[in-house]
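J.: next input, structure requested:
(one chain, ligands or ions: 2)
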Amino acid sequence: MEKKQQIESLRKELREHNYNYYVLDDPTISDYDFDMKLKELQALEEKHPEFYDASSPTLRVGGEVTKNFNTVAHGQRMYSLENSYSKEDLTDWEKRVQRILGDIEVEFTCELKYDGASISLTYEDGVLIRAVTRGDGFQGDDVTTNVKTIRSVPLQLKENYPAKFDIRGEIVLPFEGFAKMNEERIENGEEPYMNPRNTASGSLKLQDSALVAQRPLDCLLYGIVGQNTGIESQWQMLEKARDWGFKIPSIAKLCKSTDEVLDFVEQWDVQRHDLPYETDGVVIKINSLQQQEELGYTAKAPRWALAYKFKAERVSTVLNEITYQVGRTGAITPVANLEPVLLAGTTVKRASLHNADQIAKLDIREGDTVFVEKGGEIIPKIIAVDFTKRKADSNPTNYIPECPECGTELIRQEGEAQHFCPNDTGCPPQITGRIQHFISRKAMDIEGLGSETIELLFAKGLISNYADLYTLTMKQVMPLERMAEKSAENLVAGVEASKNIPFERVLFGLGIRYVGETVAKKLAKAYKNIDALMVANILDLVAVDEIGERIAQSVVEFFGNEKNVDIVDRLQSYGLQFSLSEEQLQNQTDTLKGKSFVVSGVFETVSRDELKKLIENNGGKISSSISSKTSYVVAGDNMGPSKKTKAEGLGVPIISEVEFLGMVR
Ligand code: AMP
Ligand code: ZN
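T.: Numbering: from 1, shown residues only. Ligands and ions are numbered 1, 2, ... in the order given. Presented below is the predicted three-dimensional model:
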């Protein structure tokens, strides 16, 4: 009993801190203290699975995998909004409303129109039970597992909430987090995402909820649907939902007239540029819910609401030159160099043109006058060419056939948008880019060595690949610009220390295209050492969980290149870690290969953690919920009754601790 209370009070406390941090933006304890408390709760829950709670704060980290998202009908349709763009549109709408309501006084609430992915959340007895995408408005996809990982979505409400209701809102990806994700993608040699909105909706459909948990998504809510909620107006709805624990932006206004509405629109058309997330307009709603009901819906949208779209800020300027950048993986990005122009408060000089298709689609040429817009992208975007201003003597753009840095003929693979410079060992930005990636924090994390030093070392002819780092001497490094004895010592010592970095990070550091941090971990675990990985063929590789054709192809290509093999050989001879450590390897077998386990209850001779490790070390998979694909449920004391019923219903064998240990020992 005492443990139960302890667990529940920790959950309550963590919920409150979560709310302060993610909803109110006002944390009251340090991140460290929060993590310690979360760990404490995790340990307790681990020991006492009988007190499982589907809304525990420990479930935010995700882990459940959804192969196919179920289609679910919305209890009430999710409508679109009618758009408007001018004062006239707004007054027309007001007249229509007044005609139906019979010239009585109306109030309007104004909220921002958040630009993300629409979502409908269902709560019963204060607990989140379902999250469904908008889909076609009548039915959407059940993405509950993924939405549960979003920290500002309450799993358990605070107080005085109705027994059952749906709440609707937008899942957004704030600019800062979006920029960070793109930095990482570029580091991994992947193409950056185009904009936050598409990335937010794409995130909801990821199969692995642990990946969703890593994305800095946020959920902003604006509307409740349900009977007996005791709510009379939109304004009251916002206030109540806020009290129940939802994140409801405070930027909203209750207006008495359309003039006041226009003031709000004008104000936020400017100030929206300082908001952390993207908005594309103001949503104006008739405040009284009774009046809303009277107004009803058209075939597509409510008559009681109107979206007033912000004009995307757009300017025109001259495109002086198209240049081409070469990335670490050899990917070429065309860049528009513009006549500097002021746009949404910043001076714009450059814009990405993405790839050859984009150039062809826009039919963009040097010397053209172009329209530039700042939308969700951090980098401004060229929307179109002003053909009326095109000069008679302008020439169509020919995508460069050769690498601007090394002159090698560019290639473009089937189905790829990007051109590549194949000269990976002789093209300067590829060489330095790869070494910079190798030393980066998530790879070898070499202290005392930075990107600029790499460029300097390369320019002086001291290194031409990352293996060369390991032969650098004090004598070579000392004469470099801005190098003192101490910094040279640090550099050499940092390189030496990196020899202890574990295999999976070395593998990530090699910079194989599409082999990011997570994939590197998977490959290290599956192959255990570099020698096995080097001889793997595509069929072997795709047999590894979550390794697809594209990654497999890239790995095979990398090790098919003799130059890469030489470099790896050298790194091996310098003593870098190219296999899993003894500890990682201990007791690894394939006994349970292809089998999937669910663990439930408390065990006598092993802890839950040990049991899970045994499954993984013997090649089995662990999943948190029972499905028809589950091979066995390993049940201890106090197995959850719902799990038991489910396993029995699906005919999944339930085995005891002793039976399980018999399988692996
Ligand atoms: P549209 O997709 O342009 O027809 O606009 C309708 C969408 O706007 C809805 O699906 C909502 O998810 C979204 N939206 C964003 N912010 C709001 C808000 N404050 N009130 C109502 N809808 C909103
Ligand atoms: Zn090149």
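J.: make it CA atoms for all contacts and neighbour counts henceforth
T.: Noted.
J.: buried residues in stretch 276-285, which are they?
T.: Residues of stretch 276-285 classed as buried by neighbour count (16 or more other Cα atoms under 10 Å): Tyr277, Glu278, Thr279, Asp280, Gly281, Val282, Val283, Ile284, Lys285.
J.: SS state for the fifth one?
T.: Secondary structure for Gly281, judged by DSSP: H, G, I helix; E, B strand; the rest coil, is strand.
J.: and which of the buried residues of stretch 276-285 is nearest Pro27?
T.: Using Cα to Cα, Tyr277 is the member of the buried residues of stretch 276-285 that lies nearest Pro27, at 20.0 Å.
J.: so which strand or helix has the closest one?
T.: Assigned by DSSP states H and E, Tyr277 falls within no helix or strand.
J.: so what's Thr630 closest to, chain neighbours aside?
T.: Ser596 (5.2 Å; Cα to Cα, 6 or more residues apart in numbering).
J.: and Leu338, backbone torsions?
T.: phi -100, psi 160 (degrees, to the nearest 10).
J.: now do the contacts for Gly548.
T.: Leu541, Val542 (Cα atoms under 8 Å, 6 or more residues apart in numbering).
J.: how about a cut-off of 7 Å?
T.: Each residue near Gly548 by Cα atoms under 7 Å, 6 or more residues apart in numbering is listed here: Val542.
J.: show me what from the stretch 351-500 of the chain comes close to ligand 2.
T.: Neighbours of ligand 2 within the stretch 351-500 of the chain, by Cα under 5 Å from the ion: Cys403, Cys406, Cys421, Cys427.
J.: all the strands of the stretch 251-400 of the chain, residue numbers only.
T.: For the stretch 251-400 of the chain, the strands defined by DSSP state E, counting those that start in this stretch occupy 252-255, 279-286, 305-309, 314-326, 332-343, 346-352, 369-373, 381-385.
J.: need the contact partners of the last one.
T.: Outside of strand 381-385, the residues that reach it under the criterion Cα under 7 Å, 6+ apart are Ala351, Ser352, Leu362, Ile364, Asp368, Thr369, Val370, Phe371, Val372, Glu373, Lys374.
J.: what residues does the stretch 151-300 of the chain put near ligand 1?
T.: Gly169, Glu170, Tyr222, Val283 (Cα under 6 Å from any ligand atom).
J.: scratch that, the chain
T.: Checking the chain against ligand 1 by Cα under 6 Å from any ligand atom, the hits are Ser80, Leu81, Glu111, Leu112, Lys113, Tyr114, Asp115, Ser118, Gly169, Glu170, Tyr222, Val283.
J.: list the contacts for the closest residue to ligand 1 within the stretch 251-400 of the chain?
T.: For the stretch 251-400 of the chain and ligand 1, the shortest gap (Cα to the nearest ligand atom) falls at Val283, measuring 5.4 Å. Neighbour list for Val283: Cys110, Glu111, Leu112, Lys113, Ala305, Leu306, Ala307, Tyr308 [criterion: Cα under 7 Å, 6+ apart].
J.: what's the most distant pair in those residues?
T.: Based on Cα to Cα, the longest span within the contacts of Val283 runs between Leu112 and Ala305 and measures 12.6 Å.
J.: for burial, what's the neighbour tally of Asn195?
T.: Neighbour count of Asn195, defined by other Cα atoms under 10 Å: 19.
J.: quick one, phi/psi of it?
T.: Torsion angles at Asn195 (phi, psi; degrees, to the nearest 10) stand at phi -150, psi 160.
J.: what's the spacing between the helix or strand hosting Leu41 and its chain's center?
T.: Using DSSP H and E, Leu41 sits within helix 31-47. In terms of Cα atoms, centre = their mean, to the nearest Å, the centre of helix 31-47 is found 25 Å from the chain centre.
J.: helices or strands next to that helix in the packing?
T.: For helix 31-47, the contact count by 3 or more Cα pairs under 7 Å, 6 or more residues apart in numbering; DSSP states H and E identifies helix 2-18 as packing neighbours.
J.: buried residues in the helix it packs on?
T.: Buried, per 16+ other Cα under 10 Å, within helix 2-18: Ile7, Glu8, Leu10, Arg11, Lys12, Glu13, Leu14, Arg15, Glu16, His17, Asn18.
J.: hang on, the first one packs against Gln42?
T.: Going back to what we said before, that points to Ile7. No - the pair Ile7 / Gln42 is not scored as a contact, 9.3 Å apart, by Cα atoms under 7 Å.
J.: for Thr109, give its distance to Phe578.
T.: For Thr109, the distance to Phe578 (Cα to Cα, to the nearest Å) stands at 62 Å.
J.: give me the contact list for the helix holding Leu41.
T.: Contacts with helix 31-47, where a contact means Cα under 7 Å, 6+ apart, come from Ile7, Leu10, Thr58, Val602, Arg608.
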